[in-house]
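Colleague: Predicted model follows, preceded by the sequence.
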Amino acid sequence: MVTMEPSRVIVIRHGEKSQNKNNPSLQMPKGYERAGALAPFLPFKFKKIDILYAPSIEPGSQSTRVVETITPLSRYLNLPILTTHVNSKDDIRKMVKLIRTNPKYHGKTVLICWHHNRIPFLTKEFNPNNINQVPHNWPNDRFDVIWLLKKTPNGIIFSQEPEKLLFGDKTSVIPLKK
């Protein structure tokens, strides 16, 4: 595969979801609070974000949490949210291939907001040099971590850091456990 890599890919999880058993697709107030706080925080932290991705809403699903999480950021940056891929492994592979090979992404910063159950798979599809440092699972209770994939002269390097954005956010990253 010929790559025209973005300089950086930022991966985040959607905001906190509702505990309402009748409608778990809703975000809870803290999820909306996180979405609002991420809008100025991410551009300040990373200086420039050029492209926003979120999964499209699959047939039969009513979950809009992922798009809701980055809608304030989209408005803040005046960027569209690309929702051209669903949350399947095949579509994630296609999205990663597009991001890595499309010349319009070369040297850009791409932010991907996704469902936590697929974030480790999505991250590993970028094939970072330190792929063994990518946790195998994203815990159900963590909404407060940023995963980074940075292009270097020696390849792609994975790292993670806590957001430390809202009251109650942890100061630790997601541990490496199987």
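Modeller: Arrived safely, thanks for sending.
Colleague: make it CA atoms for all contacts and neighbour counts henceforth
Modeller: Fine.
Colleague: part of a helix, is Val96?
Modeller: Yes - per DSSP: H, G, I helix; E, B strand; the rest coil, Val96 lies within a helix segment.
Colleague: mind showing which ranges of the protein have poor pLDDT?
Modeller: Applying pLDDT under 70 to the chain flags residues 1-4, 18-27, 58-63, 178.
Colleague: Tell me where it has strands.
Modeller: 8-13, 51-53, 81-82, 109-114, 145-152, 155-162 (DSSP state E).
Colleague: Which one of those lies nearest to Pro175?
Modeller: Pro175 lies closest to strand 155-162 among those, at 10.1 Å (C-alpha to C-alpha).
Colleague: Correct me if wrong: Thr83 contacts Ala54.
Modeller: Yes - assessed by C-alpha atoms under 8 Å, Thr83 is found in contact with Ala54 at 5.2 Å.
Colleague: Between these two, point out the one with more neighbours.
Modeller: Between Thr83 and Ala54, Ala54 has the larger neighbour count (other C-alpha atoms under 10 Å), namely 26 against 13.
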